[in-house]
Structures are given as C-alpha cells and as structure tokens.
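Chemist: next comes the sequence, and after it the predicted model I'd like to discuss.
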Amino acid sequence: MSLPSFPSLLFGSGPRFLRDAFGPTVVFYLGWKLHGLLLGVAAATVLTIVVYGWERRRQRPGVAARIGLAIALVQAGAALLSGSPVGYFAPPILVSAVYGLAFLGSVVIGKPLVAVFAREAYPMRAEVRAHPAVQRAFARLSIAWGGYMLFRSAFRLVVLLTLSIDLYVLINVLTATPGTVGMLAWSFWYGLRGVRYADGQRSAP
C-alpha cells in the first residue's frame, strides 16, 4: 500500500474532521434561531445520524462520526430537559475535557489515543503502527491534543457562562477553526513523518 501525501491527508481527511467538529453546532444554531430549540436539536441530531450512515456506507471506521452521534444524543436530551440552548452546548465542553484527559492518560499507559483516530485518515499496516517511530509520534501527538482539548474546554466554559449564546457560537467557531485546522495540519504532517520512517522512506523523525 502506497503512503499518502501530506496534501492528500489534509484535504482528504481534514474536512471530515471539521465537519464532525463544527457541523452539528452550526446546524443547531441556525435551527434554533429560525424556529426555536426543538428545530435546532432535531436538525443537529439528523445531521449526525446522516453523517454516521455516510461514513459506514463508505466502509470507514467512523470513530469521529460515532463519537459525534453519541454526543449529539446527549446534547439533544440535555437541551430538551433544560429547555435552554445552554443545555445543548454544555455537554460537548465536558466531553472535550474528558477526552483531553483520556489523550494524556493514554500516553501514560502506552496506548496513544491518536492511533485510533489515525485509522480514519490512513489504514496503516499493523507492523507500521507498532514501529517505535510511529508510536513515538502518536504519543507526542496525543499529548498535544490532550493539552489543546483541555485548554479549549476551559476557554469555552468561561465564554458560555459569561457571554450570550450568539457570542459563544461566534467566538467558538472563530477561535476553534484556525486552532483545529492548525492542529490537524501539524498532526497529519508529523504523523506522516513517523510512518514514512517506519516504512523506510526517510530518516528518523
């Protein structure tokens, strides 16, 4: 199996990760503004179900889509029970913090969580995944993502509790988009370096 190029990873898998990260939030916000909380919840939930079905039909692992679907169902329940859009936006902040800790904890136990998400972008052979250079890259990436997610969770919580929902959505999208795109680009580039070394195509990263 030939190795993917950095541009093919970034532009092939990057939009899917961004779709899963921001799509439901934007759809919920538009539905809520157009016709209230129920439409926002319904629209975001339908989107995540459609995305999950699409990923499974494409025979991808769909890890991000599965997580998105699970979070969307929790968000729907929290929003309807609380009767407030705050109930919709609060669960992802908590989940993000939990995942940040999970990323860091996975490094401690020697099973970097980035390896799971890497399968979404490129189905590596088992011997490549197990190579020390790849595992080292996965560990460093997991630490970076763990720190980023914990910081983002704290920042989003402060914004959600102190500002309006409109400002929360605007600030969240405007700050998260460049940060997430930057993290994804660096992750694809750095991870690919390790994979190429494991495959004998470059010097040690």
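Modeler: Structure's in. What do you need?
Chemist: does the residue nearest to residue 187 when sequence neighbours are not counted lie in a helix or a strand, and which?
Modeler: Distances taken as Cβ to Cβ, 6 or more residues apart in numbering put residue 141 closest to residue 187, at 5.3 Å, once the chain neighbours are dropped. C-beta: built from backbone N, CA, C; applies to glycine. Using DSSP states H and E, residue 141 maps to helix 132-162.
Chemist: next: residue 180.
Modeler: Residue-wise, residue 180 maps onto helix 165-198 under DSSP H and E.
Chemist: does anything pack onto that helix? Which helices or strands?
Modeler: helix 6-35, helix 85-108, helix 114-121, helix 126-129, helix 132-162 (3 or more Cβ pairs under 8 Å, 6 or more residues apart in numbering; DSSP states H and E).
Chemist: got any ranges where the chain has weak pLDDT?
Modeler: 1-14, 16, 58-65, 120-123, 198-205 (pLDDT under 70).
Chemist: mind redoing it with 50?
Modeler: Low-confidence segments of the chain (pLDDT under 50): 1, 203-205.
Chemist: can you put the helices and strands packed on helix 165-198 in a markdown table and add mean neighbour count?
Modeler: Formatted as a markdown table, the helices and strands packed on helix 165-198 follow (neighbours: other Cβ atoms under 10 Å):
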| stretch | mean neighbour count |
| --- | --- |
| helix 6-35 | 17 |
| helix 85-108 | 18 |
| helix 114-121 | 20 |
| helix 126-129 | 12 |
| helix 132-162 | 18 |
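Chemist: quick one, the helix holding residue 141 and helix 85-108 angle?
Modeler: Taking axes from the mean of the first three to the mean of the last three Cα atoms, to 10 degrees, one finds helix 132-162 and helix 85-108 inclined to each other by 160 degrees.
Chemist: tell me what angle helix 132-162 forms with helix 165-198.
Modeler: Using the same axes, to 10 degrees: helix 132-162 against helix 165-198 is 180 degrees.
Chemist: so how far is helix 132-162 off the chain centroid?
Modeler: 10 Å (Cα atoms, centre = their mean, to the nearest Å).
Chemist: same for that helix, what does it pack against?
Modeler: helix 85-108, helix 114-121, helix 165-198.
Chemist: and of these, who's closest to residue 128?
Modeler: Nearest of the helices and strands packed on helix 132-162 to residue 128, taken as Cβ to Cβ: helix 165-198 at 4.8 Å.
Chemist: was I right to think residue 138 contacts residue 117?
Modeler: No. Between residue 138 and residue 117 there is no contact under Cβ atoms under 8 Å: 9.6 Å.
Chemist: thinking again about what came up before, OK, contacts around the residue nearest to residue 187?
Modeler: Counting by Cβ atoms under 8 Å, 6 or more residues apart in numbering, residue 141 touches 112, 114, 187, 190-191.
Chemist: closest to residue 15 among these?
Modeler: residue 187 (14.6 Å).
Chemist: tally of neighbours for that closest one?
Modeler: A total of 26 residues lie near residue 187 under the criterion other Cβ atoms under 10 Å.
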